[in-house]
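>>> mind looking at a prediction? Sequence and model below.
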Protein chains: 2
Amino acid sequence: MLERIPAYTDAMLDETGTLSDRVYRHLADRLIAGRFAPGDKLSLRAVSEALGLSIMPVREAVSRLAAEGALEVAPKKAVTVPLMRAGQFRDITQVRVEIEGFAAALACQAVTPESLAGIEAREREFRELSELPKADLAQAVAANQAFHFAVYRAAGSAELLAIIERLWLRVGPIINLDLRENPERLRLGGAVQAHRACLAAIRENRPAAAREAIAADISGASAFILSRQRLLD
Amino acid sequence: MLERIPAYTDAMLDETGTLSDRVYRHLADRLIAGRFAPGDKLSLRAVSEALGLSIMPVREAVSRLAAEGALEVAPKKAVTVPLMRAGQFRDITQVRVEIEGFAAALACQAVTPESLAGIEAREREFRELSELPKADLAQAVAANQAFHFAVYRAAGSAELLAIIERLWLRVGPIINLDLRENPERLRLGGAVQAHRACLAAIRENRPAAAREAIAADISGASAFILSRQRLLD
DNA sequence: TGCCGCAATCTGTGATCACAGTTAGCTTCC
DNA sequence: GGAAGCTAACTGTGATCACAGATTGCGGCA
């Protein structure tokens, strides 16, 4: 079951699109998956050399990510993964609750047998992962992401999905940093319970309940992270 | 009163930030203000020559806008202002209703005397403009935008504001195209009425009513545009 | 008169170079 | 031994060049 979770495939390997596009996807994937920590620095030249390209495609990819707030680039200084202040994190959480909750509510009406099967599979995968004695954190993060996006994709709104992806681009580094430092949180099962409630609500076409479940999931994780006081302010 | 509406100032003239940033703001302002129509083509070289720069800053600005969906760039083909299908427009409208409605509801709780005064001023300016015998359409679009963003800014969420700005970047060209072809819509007063209701709701701290007013404004304009069948599909 | 095809022009993409401001490490002096 | 200052390496920014694919319009043929 677990090996169904798609392995990390490097966007640089698939040869569709321009080099800029591939670098963009490469970096975006790593950001969402939490492979960068807030404050990490990266240099255009270092990335381009690591990828065996000139600096140009990396520049374009980075400037796109900077436009979305996923990276910060100050003139003549190294590109950094943004630090987030507690107030900012609270703000983004409130927005996520509203928007991702809305997507979950939409999913109730727009769900198809196929997308429902996908959601069920992702829910089961995440649940089984969290029941393992020694959880693989990176895999758990990926499974959690897979569940959420299965729901959001089922909502059938490309616009909403794009907005949510941008939000995850921003919170990816924070979530992962948190999970890496507090692996026991997985044990508590708040996420598993919220996922289960969300799945049930979608099955039974109860939009308000689906919205509530996603909101609880996001708020719960956010409260935990804020309680650890690892954020500035 | 009317001359309070800030004149169109070119972002290229203020000398803060990198050239890329300035080009980005220049193009973004023109897109939101509806100075481009869907399907318009622009060439990196033409823009850079018009602005007296090399192609590089324009490239970066355009690739950022493309990342946000405000422009479309296909390899080896001219950059275009995206055409929008009716289905896509419906989708984006549904998302705007939810998100901008949420911002209006937030504004009820977060509004300050200063921001309320700003909203009132913008409401009055738009109302007076729409009562003129010969309305200046460009000014009406700008005044409408000013009112909406005064409300959204009053919500006090930087995250939400950024998301809404990106949405307007997308719909700017459509709205303007519509208003240019159907100037009589301003006469009908649907927008004026919605603005008035929104302002009243914010004054009286009625979040649900504020959300409703903004939703009615957006839905009304959207329904009108869709009824004109100028969109693909 | 109408249509097909070729060629000149224009498109974005990517590489390379020059530059100025930042950073970090080493040396030197106290 | 520690701190201050200088230098060398590194940062993103911007300009210019080369290239391959797309577009457009002109000319020739039917």
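Here it is on my side, so go on.
>>> how about the closest residue to A:R203 other than its chain neighbours, what does it touch?
Sequence neighbours aside, A:L116 is the residue nearest to A:R203 in space, at 7.0 Å (criterion: C-beta to C-beta, 6 or more residues apart in numbering or on different chains). Every residue, glycine included, has its C-beta placed from N, CA and C. Contact partners of A:L116, counting by C-beta atoms under 8 Å, 6 or more residues apart in numbering or on different chains, are A:A154, A:I202, A:R203.
>>> quick one, strands of chain A?
Ranges of strands within chain A are A:41-42, A:79-80, based on DSSP state E.
>>> picking up where we left off before, closest one of the contacts of A:L116 to DNA strand C?
Nearest to DNA strand C out of the contacts of A:L116 is A:A154 (C-beta to the nearest atom of the strand; 31.9 Å).
>>> can you give me the distance of that closest one to A:G52?
A:A154 sits 38 Å away from A:G52, taking C-beta to C-beta, to the nearest Å as the criterion.
>>> leaving out chain neighbours, which residue sits closest to the residue in chain A that DNA strand D sits nearest to?
Nearest residue of chain A to DNA strand D (C-beta to the nearest atom of the strand) works out as A:S43 at 2.9 Å. Once flanking residues are discounted, A:S43 sits nearest to A:A78: 5.7 Å by C-beta to C-beta, 6+ apart.
>>> neighbours around the one you found, how many?
Per other C-beta atoms under 10 Å in any protein chain shown, the neighbour tally for A:A78 reads 13.
>>> likewise for A:G34?
A:G34: 23 surrounding residues under other C-beta under 10 Å.
>>> quick one, what contacts it?
Counted by C-beta under 8 Å, 6+ apart, A:G34 has contacts A:A138, A:V141, A:G172, A:P173, A:I175, A:N176, A:L177, A:L179, A:R180.
>>> cross those against helices and list the overlap.
Judged by DSSP state H, the contacts of A:G34 include A:A138, A:V141, A:G172, A:P173, A:I175, A:N176, A:L177, A:L179, A:R180 as members of helices.
>>> hmm, back to that, most neighbours, which of the contacts of A:L116?
A:I202 (27 neighbours).
>>> next up, the contacts around it.
Applying C-beta under 8 Å, 6+ apart to A:I202 gives the contacts A:A104, A:A107, A:C108, A:V111, A:L116, A:I119, A:V151, A:A154, A:A210.
>>> could you export the contacts of A:G34 as JSON lines, including neighbour count and distance to chain B?
Shown next, in JSON lines, are the contacts of A:G34 (neighbours: other C-beta atoms under 10 Å in any protein chain shown; distance: C-beta to the nearest C-beta, whole Å):
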{"residue": "A:A138", "neighbour count": "15", "distance to chain B": "27"}
{"residue": "A:V141", "neighbour count": "21", "distance to chain B": "22"}
{"residue": "A:G172", "neighbour count": "24", "distance to chain B": "15"}
{"residue": "A:P173", "neighbour count": "25", "distance to chain B": "16"}
{"residue": "A:I175", "neighbour count": "19", "distance to chain B": "16"}
{"residue": "A:N176", "neighbour count": "21", "distance to chain B": "20"}
{"residue": "A:L177", "neighbour count": "20", "distance to chain B": "19"}
{"residue": "A:L179", "neighbour count": "22", "distance to chain B": "22"}
{"residue": "A:R180", "neighbour count": "13", "distance to chain B": "24"}
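>>> quick check: phi and psi at the residue nearest to A:S43.
Backbone torsions of A:A78, given as degrees, to the nearest 10, read phi -60, psi 150.
>>> my guess is it contacts A:A46. True?
No: the criterion here is C-beta atoms under 8 Å, and A:A78 misses it with A:A46 at 9.4 Å.
>>> show me chain A divided up by domain.
Domain segmentation of chain A under automatic domain parsing yields A:2-80, A:86-227.
>>> can you redo those domains as JSON lines with mean pLDDT and distance to B:D14?
Formatted as JSON lines, those follow (pLDDT from 0 to 100; distance: least, C-beta to C-beta, whole Å):
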{"stretch": "domain A:2-80", "mean pLDDT": "86", "distance to B:D14": "16"}
{"stretch": "domain A:86-227", "mean pLDDT": "93", "distance to B:D14": "26"}
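>>> can you lay out those as JSON lines showing distance to B:Q94?
Below are those laid out as JSON lines (distance: least, C-beta to C-beta, whole Å):
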{"stretch": "domain A:2-80", "distance to B:Q94": "22"}
{"stretch": "domain A:86-227", "distance to B:Q94": "7"}
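>>> ok, and which of those has the densest surroundings?
Comparing the domains of chain A by mean neighbour count (mean count of other C-beta atoms under 10 Å in any protein chain shown), domain A:86-227 comes out on top with a mean of 19.
>>> endpoint to endpoint, it covers what distance?
Length of domain A:86-227, first residue to last, C-alpha to C-alpha, to the nearest Å: 10 Å.
>>> and that domain, how far from the chain's centre?
Remark: domain A:86-227 is offset 9 Å from the chain centroid, using C-alpha atoms, centre = their mean, to the nearest Å.
>>> which residues of chain A lie near chain B?
Contact residues, chain A versus chain B (C-beta under 8 Å from any C-beta of the partner chain): A:18, A:20, A:24, A:59-60, A:63-64, A:66-69, A:75, A:88, A:91-92, A:94-95, A:98-99, A:102, A:157-160, A:162-163, A:166.
>>> keep only those that also lie close to DNA strand C.
A:T18, A:S20, A:E60 (C-beta under 7 Å from any atom of the strand).
>>> can you tell me the closest non-neighbouring residue to the last one?
What it means is A:E60. Spatially, and ignoring its direct neighbours in sequence, A:E60 is nearest to A:S20 (4.1 Å; C-beta to C-beta, 6+ apart).
>>> now do the one you found against B:I99, distance only.
Using C-beta to C-beta, one obtains 29 Å as the distance from A:S20 to B:I99.
>>> do the same with A:I32
According to C-beta to C-beta, A:I32 stands 21 Å off from B:I99.
>>> please apply the same query to A:P82.
As judged by C-beta to C-beta, A:P82 and B:I99 stand 22 Å apart.
>>> and the nearest residue to A:S54 once chain neighbours are set aside, what does it touch?
Leaving aside its chain neighbours, A:S54 sits nearest to A:S48 (6.0 Å; criterion: C-beta to C-beta, 6+ apart). Neighbouring residues of A:S48 by C-beta under 8 Å, 6+ apart: A:S54, A:I55, A:P57, A:V58.
>>> is it true that the third one touches A:R25?
No: with contact defined as C-beta under 8 Å, A:P57 does not count as touching A:R25 (11.5 Å).
>>> return the residues of chain A in contact with DNA strand D.
Counting by C-beta under 7 Å from any atom of the strand, chain A sits next to DNA strand D at A:42-46, A:55-56, A:59, A:63, A:73, A:75-79.
>>> let me know the closest of these to chain B.
Of all these, A:S63 has the smallest distance to chain B: 4.9 Å, by C-beta to the nearest C-beta.
>>> for that closest one, give me its contacts.
A:S63 neighbours (C-beta under 8 Å, 6+ apart): A:V73, B:S20, B:E60, B:S63, B:R64.
>>> one step back: among the contacts of A:G34, which pair sits farthest apart?
Greatest spatial distance among the contacts of A:G34 (C-beta to C-beta): A:A138 and A:P173, at 13.6 Å.
>>> quick one on the thing from earlier: tell me how far the residue nearest to A:S54 lies from A:P57.
As judged by C-beta to C-beta, A:S48 and A:P57 stand 8 Å apart.
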